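In: Generate a structure from the sequence data that follows.
(chains A and B, ligands or ions: 2)
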Amino acid sequence: MPEFKLKVNNRQVKVDVESDTPLLWVLRDTLGLTGTKYGCGEGICGSCTVHINGKAERSCSIMIKDAAGKSITTIEGLAENPDNPIFRSWIELEVSQCGYCQPGQIMSLAALLKEKPKPTETEINDAMSGILCRCGTYHRIRKAIEKIVEEGK
Amino acid sequence: MKKYTRREFVKVVGISGSGLFLAAYVPAHGFLTKPGDEPKIFAPSVYLKIDSNGIVTITVHRSEMGQGVQTSLPMMVAEELECRWEDIRIEQADGDPRFGHQSTGGSQSIRRTFEPFRIAGATAKEMLLSAAAIKWGIEIKDCKAENGFVFNKLNDKKISYGELVEEAAKLPVPANVKLKDPKDYKIIGKRVHRLDTKPKIYGAAKFGIDVVLPGMLYASVSRCPTIGGKVKTFNGDKAKEIKGVIDVVEIPQGVAVIADTTWNSFKGKNALSIEWDFGPNVDIDTDAIRKNMVLHLEEDGSEIENRGNLNFDAPDLITIDAIYEVPFLAHAPLEPMNCIATVKNGKAELWAPSQNPQGARTEVAKALGFKEEDVVIHVTLIGGAFGRRLISDWAVEAALISKATGKSIKLTWTREDDMKHSTFRPASMHKVKGSVDKSGKLVNFYHHVIAESITAQRFNRNIPVKDADIGEGTRRLAYQFPNLKITGTIVPTHVPVSWYRSVYNTQNPFVVESFIDELAYEAKRDPFEFRRDLLPEDSRLRNVLIEAANKSNWFSKLPEGKGRGIACFEGYGSFCAEVIEVSVIQTNEIIIEKVTAVIDCGTVINPDTVEAQLEGAIVFALTAALKGEITIRDGGVVEKNYDDYQLLTYSETPVIECHIISNFEKVGGVGEVGIGACAPALCNAIFAASGKRVHKLPVKLI
Ligand code: FES
Ligand code: FES
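Out: Ligands and ions are numbered 1, 2, ... in the order given. The predicted structure is shown next:
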């Protein structure tokens, strides 16, 4: 089987998987990083969002051969710094319900805020509207984002 | 948060050996786990353990699927126990009849645990007090429990709970302990942070789909695309050629591919060649189901309720009628169905994201031909359920695959499996007819509901329409209609149906509250006042309705193209009213500006969770009203994924303002209460904004 090298949460890893394996399943099944979730497998729900070279991407739609050599950050990597204002406001406003979509929500927002610490409403809508939440936590996500942006000013 | 797994729990007990166990038993009558089966006598058994370090472990026997039971149930114990909140740990119970009623549905978790969980806390506190009194040689009345300590009121000495457990465990369990006066509550009614938040947002929480067992393999199943179809023949050679595919086995539900990763099992599944026996339902489609329902519209239906004397021929009445209609819906939780199973040597152990672990145990045992004692169901965190996980089809599949292969396996449904092989919210059709008189008073109200009965279909029961589930949400309306008749017709559709968050309250209140709106306009009355005046003066429903009107500035003017709609709902022991404000722009695009919701659910445990549930229910109901539709064609489900079965998105979600009526009335349910009023409030707002009346969901304005 082909071997692929990539950096996951700042650590070099080598994986032996078929080249068409989506990054999502490499993270989950091969590397045991189950914080990244499977929701649709087709790039629709955003549950599987990770950072690839700093950008938010849907790991279900990227094959390992295209992720090789790149730097991946998953929710576990982001959580190495629990002081991240996203986590703090998520806790303060109790955003999470079942929690299943939340890693995707947080990763998507983290990428946006890194690029644009003071995003406009349109930029926030664009970044967040592709991450589905069946529990309906959007209203609190909005409040949490408003708080982070406000405090970051 | 440290969460003890069952094994660790047993270990901890074994090591410390001095844990105080306390079980609050109420005599059992029977352990009915099917929703809708209300046992006559409630039989919960709650375990509470305090170890010598003062750690209080509470076994939560309701499933955590986002509604916060892993926090709210411990809050009730902690309130009476007077322990420190930081000392609380939770353990998720396995599916077992010793926990009494254990199916998480019907917005019942708090209602069913409010008494026994507080009693458990109070009983333990009582025993710790006694233990301290004995130790100090003083009377109980000179002892006081607070913050995990017992204080000696005479000399201000204190001793921790942990130090008392050994002594306390030797004491008899007192009966009839006194519970706190609600005005003394310190935890109940407070905004307490959820215990499950951090692991969930850090990506550390383990949902069913995240469970990994040593040596586990991954499975995926190909099922017949038609309802009731099965495998005729299959060939797994191509699948087996795929790297990582280990085995292909047939189970009654289809053909399973076992592989070294989830992805390889999906690949293998796609490579299967299967000839299906499409079964008896190939001709079923949405149109045929509709046509059959339409036939029943002309009939009267069987009586569900009759008050006064319906008379549409009385003079000077304005009478209108309408036909309402809603489609099949899928629960579509974000975490697809999955289950981990190890079936070996006549024993089965499953890790299941189940709302109904006792039911899963029974069904798995039956499918395997095992005794129930030989099946263990561990309940995992659940990534959304909404009723779908009351059904255990996926657990049965996992068990059968493990049995067939002799391996531990994790079965994962693809999203497409989840959409196509869900069990659906029944479609329904409704005929309504009503009259108002010249003075604007409602005189006649008639509602004929035509739908499949979930209970009749799932349990193969012949239920008289009068008592059937299809009348839920239109039976015993609080409105004081002088003449009312509710009738029903149960129509079998062959489409597998099940309980979906708030069940028939997703459809009947939509019809009732929309049609009352129509009648209010016929009567030239304000829709809020029209409703209010139909409700008894002292009714809690009337109260939330008035509050919703107040909080939403109901009477303030809105510009052209905007409108407000109101609706109210009573159910699950609670009351809710919602006002929705929308804009309808020329292209018929609907923008939901704001939702104001008022709930009276009696005594509140955690207001933050109540609000969250209300917000979630509103988004859930708006999703269904605006987008939800499952289509049946050629005997199967057309929709495949979230692109053709869409959910409301972040940017489409309105501002939601929740208000809780504060009182110490009997605890009511919450999880489903926000649904009933939402679709009608939305559609009434659309009418107010555009003059277009919505009679069919999902909303399609033309
Ligand atoms: S699982 Fe990747 S977008 Fe849904
Ligand atoms: S919190 Fe449950 S899906 Fe978003």
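In: residues touching the residue nearest the centre of chain A, list them.
Out: Central residue of chain A (Cα atoms, centre = their mean): A:M107, 3.0 Å from the mean position. Going by Cβ atoms under 8 Å, 6 or more residues apart in numbering or on different chains, A:M107 touches A:T49, A:V50, A:H51, A:A56, A:T73, A:T74, A:I75, A:L78. For glycine as for every other residue, the C-beta is placed from the backbone atoms N, C-alpha and C.
In: Quick check: which element contains it?
Out: helix A:102-115 (DSSP states H and E).
In: do the helix or strand immediately after that helix in the chain and ligand 1 meet?
Out: Sequence-wise, the next helix or strand downstream of helix A:102-115 (DSSP H and E) is helix A:121-128. No: with Cβ under 6 Å from any ligand atom as the measure, helix A:121-128 is seen stopping short of ligand 1, the closest distance being 13.7 Å.
In: If I take helix A:121-128 and helix A:102-115, what angle do their directions form?
Out: Interaxial angle, helix A:121-128 versus helix A:102-115 (axes from the mean of the first three to the mean of the last three Cα atoms, to 10 degrees): 140 degrees.
In: list the helices and strands helix A:121-128 packs on?
Out: Secondary-structure packing of helix A:121-128 (3 or more Cβ pairs under 8 Å, 6 or more residues apart in numbering or on different chains; DSSP states H and E): helix A:102-115, helix A:138-152.
In: Just say which of the ones you listed is most tucked in.
Out: Per residue and on average, the most neighbours among the helices and strands packed on helix A:121-128 fall to helix A:102-115, with a mean of 24 (mean count of other Cβ atoms under 10 Å in any protein chain shown).
In: can it be found next to ligand 1?
Out: No: Helix A:102-115 does not reach ligand 1 (Cβ under 6 Å from any ligand atom); its nearest approach is 7.7 Å.
In: Which parts of chain A belong to which domain?
Out: Residue ranges for the domains of chain A, per automatic domain parsing: A:3-78, A:85-151.
In: Select the longest helix from chain B.
Out: helix B:109-136 (DSSP state H).
In: Now do the buried residues in it.
Out: B:109-133, B:136 (16 or more other Cβ atoms under 10 Å in any protein chain shown).
In: Tell me where the stretch 151-300 of chain B has strands.
Out: Ranges of strands in the stretch 151-300 of chain B, per DSSP state E, counting those that start in this stretch, are B:158-160, B:217-222, B:230-235, B:245-251, B:254-259, B:273-277.
In: Format those as a markdown table; extra columns: mean neighbour count and distance to chain A.
Out: A markdown table is the format used below for the strands of the stretch 151-300 of chain B (neighbours: other Cβ atoms under 10 Å in any protein chain shown; distance: least, Cβ to the nearest Cβ, whole Å):
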| stretch | mean neighbour count | distance to chain A |
| --- | --- | --- |
| strand B:158-160 | 17 | 29 |
| strand B:217-222 | 26 | 7 |
| strand B:230-235 | 14 | 22 |
| strand B:245-251 | 19 | 11 |
| strand B:254-259 | 26 | 10 |
| strand B:273-277 | 14 | 20 |
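In: got TSV for those strands, with mean pLDDT and distance to B:R540 too?
Out: Formatted as TSV, those follow (pLDDT from 0 to 100; distance: least, Cβ to Cβ, whole Å):
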stretch	mean pLDDT	distance to B:R540
strand B:158-160	96	43
strand B:217-222	98	48
strand B:230-235	98	51
strand B:245-251	98	50
strand B:254-259	98	49
strand B:273-277	98	53
